[in-house]
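>>> Let's see this in three dimensions:
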Amino acid sequence: MSVAHATRVRLRVSGIVQGVGFRPHAYRLAVNLGLAGWVRNDERGVMLEVEGDPEAIDRFVARLESDAPPLARIESVATRGVASTGEHRFRIVDSERAGDPAAPIAPDSATCDECLAELFDPADRRYRYPFINCTSCGPRFTIVRGVPYDRPLTTMAGFEMCARCRAEYDDPLDRRFHAQPNACPECGPSLRMPGHAGDPLAGAVAALRDGMVVAVKGLGGFHLACRADDERAVAALRARKHREDKPFALMAGSLEAARALVELGPREAELLAGRERPVVIALRRRAAAVAPSVAPRSRSLGVMLPYSPLHHVLLADAGMPLVMTSGNVSDEPIAYRDEEALARLGAIADRFLLHDRPIETRTDDAVQRAVTVAGRRRALMLRRSRGHVPDSIGLPVSAPAPVLACGAELKSTFCLARGRRAWVSHHIGDLANYETLAAFREGIVHFERLFAVDPAVIAHDLHPGYLSTAYALEREGTRLGVQHHHAHLAAVLAEHGERGPAVGAIFDGTGYGEDGTVWGGELLAGDLAGFERVAHLRPVRLPGGEQAIRQPWRMAAAWLREALGERPGLPAALAGSVDGRRWEAVVELAESGTASPLSSSAGRLFDAVAALCGLRAEVNYEGQAAAELEAAADPGETGTYPLPATLDPRETVLAVARDIDAGVPVRVVGARFHNALAQATALACSEAAEQAGVDVVVLSGGVFQNALLLERTSVALAASGLRVLVPERLPPNDGAISYGQAAIAAARITGEVS
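Model prediction:
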């Protein structure tokens with residue numbers, strides 16, 4: 001807005017403007033334009049006043065946002081004229097705390113180019129210092145304990161700055177002005193390696209080169225690292241971590257080193273080198289020097305670049321890519337405190353590389369992949385965590401009352417919402433044990449304190465057996481049960497700023513249906529407030545219930561029984577891994593329905609096809625059979641199988657079985673199955689959209705992590721003239737459920753109030 005007639009203006013700046021160099025930016029801008037006044041942090045963001053020439057004030061207001069620091073994210077700038085005070089200089093004044101906090105906290109950010117240049121400059125006083133940072137990079141969310149974001153409210157409070165660091169911190173013209181983690185070797189955090197008398201970093205590098213497993217304390221928790229090219233080291237890590245098959249993430253020292261491991265298009269390279277530095281899933285190169293145990297049965301590798309100065313010097317000294325996987329035993333949250341790590345990881349790691357900067361919030365690495373949706377190359381989030389959290393995500397409907405949404409069970413997150421802003425937590429993990437549930441509870445308390453949200457409405461999944469539901473029922477407030485697949489639909493609509501209506505194809509493994517059965521292959525028509533189940537995958541029995549999820553051969557038995565209408569014999573592809581008597585017993589369960597609930601799950605259909613192809617009779621992690629089927633499929637195959645728009649895959653299953661028996665290669669069978677499901681889904685969505693009178697289709701649910709299925713379904717939908725929405729800032733999997741619940745709660749409360 002123009003303030004040309006004012007000689008003093010007050011500005012309220014909201015968004016991510018604390019801890020990112022925004023105050024020195026305002027200071028330098030005001031001084032350059034000859035303006036007086038002041039700037040300060042407070043609970044809501046940044047408040048400032050400028051006084052002087054009206055035209056200079058106009059330029060100041062315009063450039064305050066256009067020239068903002070790289071990590072700043074401005075949501076709004078409100079201006080109003082105030083009385084002139086006759087000031088003659090511009091000042092940065094102390095932060096003020098007078099109300100509830102509402103200033104967003106910045107996510108942790110990868111080491112910037114300026115700090116990286118200093119890190120490897122032998123003449124610099126921070127040469128090879130593993131904790132170098134400035135206002136453009138370094139830890140934020142993982143060290144913050146409260147707001148405003150000032151040093152006493154971070155885990156750096158215990159480190160008193162030396163004279164030179166203090167001079168930088170106090171100088172508005174220095175890029176480390178009020179960089180809260182500012183430190184140097186003289187006054188800041190330091191490394192240590194228990195049991196090693198020499199340089200800790202050199203000790204860690206030597207251990208890695210010798211084929212040992214090293215636990216490395218990073219920004220948001222511990223990694224377990226070893227040489228990526230050493231099969232013995234990788235196999236040892238896999239055995240000790242009890243992680244039989246799930247791929248390990250790799251860290252490469254540079255973009256060039258990453259290119260030697262995986263095929264990188266422009267979008268993948270952009271993701272890898274971005275400030276968030278996620279793990280990026282990309283097609284592996286045939287000549288990649290990677291041990292077989294890094295990613296068994298996968299055509300892809302998950303690769304990331306160093307994002308902290310410690311990682312940079314570690315990778316530079318090691319001179320090779322490293323496995324860099326979460327520091328935990330499978331199914332537990334990552335370790336993030338020294339004593340905890342020494343106790344929990346002692347049987348896995350040969351050495352520990354520690355430091356004395358406390359981590360306030362454990363935060364895993366984010367995971368993304370690039371996909372083409374309706375002709376546009378975009379990023380697909382698979383796990384939203386470090387680098388992205390705690391960025392808020394807007395809501396298209398303002399929540400009249402504060403909301404806590406408790407999410408689901410797998411890939412757990414929670415979400416707090418107030419007004420039009422929602423804060424989705426970092427990835428917590430699967431709520432399957434005490435440690436993960438404790439992390440879930442602790443995270444909610446921390447977020448409620450940081451963002452001053454006292455929930456009046458508690459949203460939760462309908463599943464009565466989820467620990468997240470049990471937690472929700474413990475909380476005081478108005479409780480709101482939300483159907484699982486409706487939450488998926490709402491999450492995608494809301495992140496795109498839409499309320500609906502739309503048709504959604506929501507495909508996943510398990511979701512509690514309104515009829516008490518297990519849903520998972522759903523076509524919904526609805527909006528944020530409600531939905532109708534307009535179609536679904538033909539239901540089939542889950543023989544043995546939960547056992548059918550862990551043993552895909554059971555789903556092969558169930559689907560063959562359903563398709564044939566009689567008891568099927570044991571397929572040759574499974575004869576080497578399944579006992580004939582067990583097969584008969586499971587077929588009988590499917591036939592009788594004993595201990596075999598009905599399910600319309602698309603995930604279980606993928607399991608059945610993977611088992612019929614002989615790829616996977618039993619799984620060691622969620623979604624393994626489907627992932628291996630996608631990896632085996634030939635993307636160049638254009639053939640398909642019969643699968644009608646009614647989503648009845650009985651003929652599909654029989655065609656798969658016939659082709660496998662006839663010796664058709666798995667790569668062809670897998671591709672034809674993907675093509676059939678994509679075409680049938682697109683046709684079913686088109687018919688549902690026409691009937692509902694809408695032109696928007698949402699694709700979500702964990703099954704749509706499958707890039708081949710997502711891309712081919714979206715192409716077919718776009719060819720029908722439909723607009724396709726897919727998750728972008730949140731995952732298609734259950735990591736988005738809490739946000740969807742919050743959006744639904746906001747819409748329903750608003751409806752009740754109005």
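
>>> List the buried residues of the longest helix anywhere in the chain.
Determined from DSSP state H, the single longest helix within the chain is helix 666-692. Neighbour-count burial for helix 666-692, counted by 16 or more other Cβ atoms under 10 Å, picks out 666-689, 692. All C-beta atoms are positioned from the backbone trio N, CA, C, and that covers glycine.

>>> Over to stretch 280-299?
For stretch 280-299, the neighbour count (16+ other Cβ under 10 Å) marks 280-284, 288, 290-291, 293-295, 298 as buried.

>>> quick revisit: after the longest helix of the chain, which helix or strand is next?
The helix or strand immediately downstream of helix 666-692 is strand 696-700, counting by DSSP states H and E.

>>> and that next one, what does it pack onto?
Strand 696-700 is packed against helix 484-495, strand 502-512, helix 666-692, helix 707-719, strand 723-725, with contacts defined by 3 or more Cβ pairs under 8 Å, 6 or more residues apart in numbering; DSSP states H and E.

>>> now for the ones you listed, which one comes closest to residue 362?
Comparison of those against residue 362 by Cβ to Cβ identifies helix 484-495 as nearest, at 23.8 Å.

>>> Could I get the CA-only coordinates of that closest one as PDB?
Coordinates of each C-alpha in helix 484-495 appear next as PDB, following Å, rounded to 0.1, in the frame of the first residue of the first chain:
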ATOM      1  CA  HIS A 484      -9.500 -42.200   7.100                       C
ATOM      2  CA  HIS A 485     -10.000 -41.800   3.300                       C
ATOM      3  CA  HIS A 486     -12.000 -38.600   3.700                       C
ATOM      4  CA  ALA A 487      -9.000 -37.200   5.500                       C
ATOM      5  CA  HIS A 488      -6.800 -38.100   2.500                       C
ATOM      6  CA  LEU A 489      -9.200 -36.300   0.100                       C
ATOM      7  CA  ALA A 490      -9.400 -33.300   2.400                       C
ATOM      8  CA  ALA A 491      -5.700 -33.000   2.800                       C
ATOM      9  CA  VAL A 492      -5.100 -32.700  -0.900                       C
ATOM     10  CA  LEU A 493      -7.900 -30.200  -1.400                       C
ATOM     11  CA  ALA A 494      -6.800 -28.100   1.500                       C
ATOM     12  CA  GLU A 495      -3.100 -27.900   0.600                       C
END
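
>>> and the angle from it to strand 502-512?
If you take axes from the mean of the first three to the mean of the last three Cα atoms, to 10 degrees, helix 484-495 sits at 140 degrees to strand 502-512.

>>> Give me the mean pLDDT for helix 484-495.
Averaged across helix 484-495, pLDDT comes to 98.

>>> now do stretch 223-235
98.

>>> And the contacts of it?
Here stretch 223-235 makes contact (Cβ atoms under 8 Å, 6 or more residues apart in numbering) with 208-209, 211-216, 236-237, 241, 248, 250-251, 289-294, 314, 318, 320-327, 345, 348-349.

>>> Could you rerun that using 6 Å?
The contact list for stretch 223-235 (Cβ atoms under 6 Å, 6 or more residues apart in numbering) reads 208, 211, 213-216, 237, 250, 289-291, 293-294, 321-325, 327.

>>> got the buried residues for it?
Neighbour-count burial for stretch 223-235 flags 223-230, 233-234 (criterion: 16+ other Cβ under 10 Å).

>>> related to what we said a few turns ago, take the helices and strands packed on strand 696-700 and lay them out in CSV including distance to residue 302.
Output for the helices and strands packed on strand 696-700, formatted as CSV (distance: least, Cβ to Cβ, whole Å):
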stretch, distance to residue 302
helix 484-495, 24
strand 502-512, 21
helix 666-692, 21
helix 707-719, 14
strand 723-725, 26
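
>>> now the contacts of stretch 223-235: which count as buried?
208, 213-216, 237, 250, 290-291, 293-294, 321-325, 327.

>>> Counting only helices, which of the residues you listed make the cut?
208, 237.

>>> The buried ones among the contacts of stretch 223-235 in strands, which ones?
Here DSSP state E is the test, and those give 214-216, 250, 322-325 as lying in strands.

>>> ok, so what distance separates the residue lying closest to residue 295 once chain neighbours are set aside from residue 255?
Spatially, and ignoring its direct neighbours in sequence, residue 295 is nearest to residue 247 (3.7 Å; Cβ to Cβ, 6 or more residues apart in numbering). Separation of residue 247 from residue 255 (Cβ to Cβ, to the nearest Å): 21 Å.

>>> between the two, which one's more packed in?
residue 247 (20 against 12; other Cβ atoms under 10 Å).

>>> Next, the residues that contact stretch 28-45 from outside, please.
Residues outside stretch 28-45 that contact it (Cβ under 6 Å, 6+ apart): 13-14, 17-18, 23, 26, 47-52, 56, 60, 63, 87-93, 95-96, 99, 101-103, 148.
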